[in-house]
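Student: My questions are about this predicted structure, shown below with the sequence.
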Amino acid sequence: MNPRQIRAALVLKGIRQVESAKGLGVTEVAVSRVISGQLRSARIERAVAKAIEQPVHKVFPLERVA
C-alpha cells in the first residue's frame, strides 16, 4: 500500500496517527515517517497493519514504491 492508502484506511477505521503513537509510546512523527516509508519499525508497522486489519507484508512490503 502507498502512504495515502494507509492513511485513508486509518481514517476509515476512525483511527488517528496520534492515537496510534500514544498507544505505542512513540511520537506521531515516528508513526508518520513509518507510514511514509522514511523509517522502518517492525513494531509500528505491525500496529498500523493490525489497526487497518491487513497483513503487514501487504501494508509495508519490503520494497515500497512511493
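Tutor: Ah, there it is. These numbers come from a predicted model, not from an experiment. Numbers count the residues shown, from 1 in each chain.
Student: CA atoms for contacts and neighbours, from now on please.
Tutor: Fine.
Student: give me the element the residue nearest to Arg40 when sequence neighbours are not counted is part of.
Tutor: Among residues not flanking Arg40 along the chain, Val34 sits closest, at 5.6 Å (CA to CA, 6 or more residues apart in numbering). Here Val34 sits within helix 28-36, counting by DSSP states H and E.
Student: do the same with Ala49
Tutor: Element membership of Ala49, judged by DSSP H and E, is helix 42-51.
Student: picking up where we left off before, so what does the helix holding Val34 touch, helix or strand wise?
Tutor: Using 3 or more CA pairs under 8 Å, 6 or more residues apart in numbering; DSSP states H and E, the elements in contact with helix 28-36 are helix 3-12, helix 17-24, helix 42-51.
Student: between the helix or strand bottoming out on mean pLDDT in the chain and helix 28-36, how many degrees?
Tutor: Least confident helix or strand, the chain: helix 17-24 with a mean of 92, by mean pLDDT, DSSP states H and E. Interaxial angle, helix 17-24 versus helix 28-36 (axes from the mean of the first three to the mean of the last three CA atoms, to 10 degrees): 110 degrees.
Student: by contact count, what packs against helix 17-24?
Tutor: Judged by 3+ CA pairs under 8 Å, 6+ apart, helix 17-24 is in contact with helix 28-36, helix 42-51.
Student: Since that was my last question, I'll sign off now.
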